[in-house]
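Chemist: Provide a 3D model corresponding to the input given below.
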Amino acid sequence: MTDSSEDRRSESEENAPDPEEQGAADPDAASLLLENDSLRQDLDHANAARDEAERSLAELQNLARRSQAEFANYKRRTREDLKKKQARVEEDTCLGFLPVLDDLERAAAGADNALGRDPEADGPDPRKALADLAEGVRLVVQRFRKALAEHGIEEIEADGMPFDFRVHEAMLRSPAKAGERDGQIIAVFERGYRRGDRVVRHAKVIVAEGDGPDAAPGEAGEAGEAEA
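Modeler: Got it, this is the predicted structure:
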């Protein structure tokens, strides 16, 4: 009985149609098989592309984090370098004015000696002490000008020049005297200074108003144009 069942199953399997032969016999089935294979390949390509995109995204994120950290370090180093350079500039500037301070202290000491001396007492002539004081002050002025020049700062010409609003500041106008022309600077209240083309401080001046007697010809036009 058992042998009969096994024989019948074997005959059934042998008689079952082969899928490839069935597909060959059925055009629609063959088309479905090809389409299924194509979809499976497309899915494999899509999965591979997704994996590659995820790897690229992770690399870009790591690169962005590294770049952000490097930029933060760069900004920190730049701030530190700027502070150091600024400190050096300030130190160099102060160092340039220290000799001026020394001369001022010596001049002040000379003034104290001159003012504190008894005129009836024996000792150095007070007139010589005052002359030494004046010389010390002149030395201070010279050193100060030299220190300013070393930093590129120079005095703005003013006295006797035509008024120029770009570098001069008129404090008042005064009627012109003999030999003075309208718009000519006749006195300087406070000297002005410039550094290259940049005005550090305008010169404060008094400007002549109108032409004075016996004024030299040819200056009024220059002064008027500068003042305009």
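
Chemist: mind telling me what element the residue nearest the centre of the chain is part of?
Modeler: Within the chain, one residue has its C-alpha closest to the average C-alpha position: by CA atoms, centre = their mean, that is residue 82, at 9.8 Å. Element membership of residue 82 [criterion: DSSP states H and E] is helix 27-116.

Chemist: next SSE after that helix?
Modeler: Taking DSSP H and E as the definition, the helix or strand that follows helix 27-116 towards the C-terminus is helix 126-150.

Chemist: what's the helix or strand that that following helix is followed by packed up against?
Modeler: Secondary structure here is assigned by DSSP H and E; on that basis, the next helix or strand after helix 126-150 toward the C-terminus is strand 153-155. The criterion is 3 or more CB pairs under 8 Å, 6 or more residues apart in numbering; DSSP states H and E, and the helices and strands that strand 153-155 contacts are strand 193-195. The way it works is simple: take the backbone N, C-alpha and C, and place the C-beta from them, glycine included.

Chemist: how about the helix or strand just after the strand it packs on: buried residues?
Modeler: Following the chain from strand 193-195 toward its C-terminal end, the next helix or strand by DSSP H and E is strand 198-201. Residues of strand 198-201 classed as buried by neighbour count (16 or more other CB atoms under 10 Å): residue 199.

Chemist: can you list contacts of strand 198-201?
Modeler: When contacts are defined by CB atoms under 8 Å, 6 or more residues apart in numbering, strand 198-201 is touched by residues 153, 156, 166, 167, 190, 192, 193, 194.

Chemist: now do that strand, average pLDDT.
Modeler: In this model, strand 198-201 has a mean pLDDT of 90.

Chemist: the helix or strand following it pairs with which strands?
Modeler: Tracing the chain C-terminally past strand 198-201 and defining elements by DSSP H and E, one meets strand 203-209 next. The pairing partners recorded for strand 203-209 under DSSP bridges are strand 168-175 (parallel), strand 185-190 (antiparallel).

Chemist: any chance of these in a markdown table, with mean pLDDT, mean neighbour count and distance to residue 102 too?
Modeler: What follows is the strands paired with strand 203-209, written out as a markdown table (pLDDT from 0 to 100; neighbours: other CB atoms under 10 Å; distance: least, CB to CB, whole Å):
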| stretch | mean pLDDT | mean neighbour count | distance to residue 102 |
| --- | --- | --- | --- |
| strand 168-175 | 94 | 15 | 33 |
| strand 185-190 | 92 | 17 | 25 |
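
Chemist: include distance to residue 136 when you put those into TSV, please.
Modeler: Converted to TSV, the strands paired with strand 203-209 look like this (distance: least, CB to CB, whole Å):
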stretch	distance to residue 136
strand 168-175	30
strand 185-190	23
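
Chemist: out of those strands, flag the one nearest residue 137.
Modeler: Taking CB to CB as the criterion, residue 137 comes closest to strand 185-190 out of the strands paired with strand 203-209, the separation being 17.8 Å.
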